[in-house]
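S.K.: Take a look and give me a structure for this.
(one chain, ligands or ions: 1)
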Amino acid sequence: MTFTHAIARRPAMNAGDGLTSASFGAPDPERMLAQHRDYIGILESLDLQVTVLDPDEKFPDGCFVEDTAVVTPEVAVITRPGAASRRGEEAAIEPLLAGHRPIARIVAPGSVDGGDILVMGEQVLIGLSTRTNEEGARQLTGILQACGMQCISLAAGDGLHLKSSINGIGDNRLLVTQEFSECAQLSGFERVVIPADESYAGNSLWVNGRVIMPAGFPATREIMDELDIEILETQVSEFRKMDGGLTCLSIRF
Ligand code: GLY
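M.R.: Predicted coordinates for the structure are as follows:
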């Protein structure tokens, strides 16, 4: 798959009022904006045309745009985010995707966060989490199966979202945290396992043959370097403070 477009949203000055379980302190708004600018610059350097929405202080978690949609080559599924405070973020995203894909929607009582959905070619992993419920997974499976895709539902694990712990790094290969090293539902994939003390690096992002990694995870970087994958590192410390990271900061398609 080659991505040509991405959607992102600049963090609001009240991003620190968003949801988080992390205990790294409050994010610095200016540093967050600078890290976001660097992130957009990397996506642009990988030939993506990036639409960057303005912040909306009604939604302090709004920069984590990925949770609002699941985009495959055939369809854009507008989600119903699992956290009540985040419902409504999707309204600004739908018109941008409608110009590129037919639109489908997750409806109540289903809930899905895009951070729980990993598209690996024709296969889609759906993480069941505090944000993505069984009904949301059922609806999404129905929509994607109608497009010829196969869906595998599995427990999202210890992270906020499935993609806190598992991400594609090209071909049939997954970068996974220790928790998923033996997971039977992933037996069809080659797995590269992250050292236990670097779990956050599981949130790395494949884009057009390169992998963007969070800065500061040298053991994982060493493993990745041995795989002959081109790596780009960027600092996302301020987003980590809000349980966010590289994947949830954009929708790629
Ligand atoms: N702060 C990201 C989320 O909880 O959805």
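
S.K.: Excluding its own residues, what touches stretch 97-106? List them.
M.R.: Applying C-beta atoms under 8 Å, 6 or more residues apart in numbering, the external contacts of stretch 97-106 come out as 5, 7, 69, 71, 74-80, 94, 112, 136, 139-140, 143, 251, 253. C-beta coordinates here come from the backbone N, C-alpha and C atoms, glycine included.

S.K.: For that stretch, C-alpha coordinates in CSV please.
M.R.: What follows is stretch 97-106, C-alpha atoms only, in CSV (Å, rounded to 0.1, in the frame of the first residue of the first chain):
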residue,chain,number,x,y,z
LEU,A,97,-12.6,11.8,3.6
ALA,A,98,-15.8,12.0,1.6
GLY,A,99,-13.9,13.4,-1.3
HIS,A,100,-11.7,10.3,-1.4
ARG,A,101,-13.8,7.3,-0.4
PRO,A,102,-17.4,6.1,0.1
ILE,A,103,-18.4,6.7,3.7
ALA,A,104,-19.7,4.2,6.2
ARG,A,105,-20.4,4.8,9.9
ILE,A,106,-20.2,3.1,13.2
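
S.K.: Show me which parts of it are buried, residue by residue.
M.R.: Judged by neighbour count using 16 or more other C-beta atoms under 10 Å, the buried positions of stretch 97-106 are 97, 101, 104, 106.

S.K.: rewinding a little: quick one, which of the contacts of stretch 97-106 are buried?
M.R.: For the contacts of stretch 97-106, buried by 16+ other C-beta under 10 Å: 5, 7, 69, 71, 75-80, 112, 136, 139-140, 143, 251, 253.

S.K.: so of those residues, which ones are in strands?
M.R.: Within the buried ones among the contacts of stretch 97-106, residues falling in strands by DSSP state E are 5, 7, 69, 71, 76-78, 251.

S.K.: Among these, which one lies nearest to Tyr200?
M.R.: Nearest to Tyr200 among those is Ile251, at 21.3 Å by C-beta to C-beta.

S.K.: Mean confidence (pLDDT) on stretch 228-240, please.
M.R.: Averaging pLDDT along stretch 228-240 gives 97.
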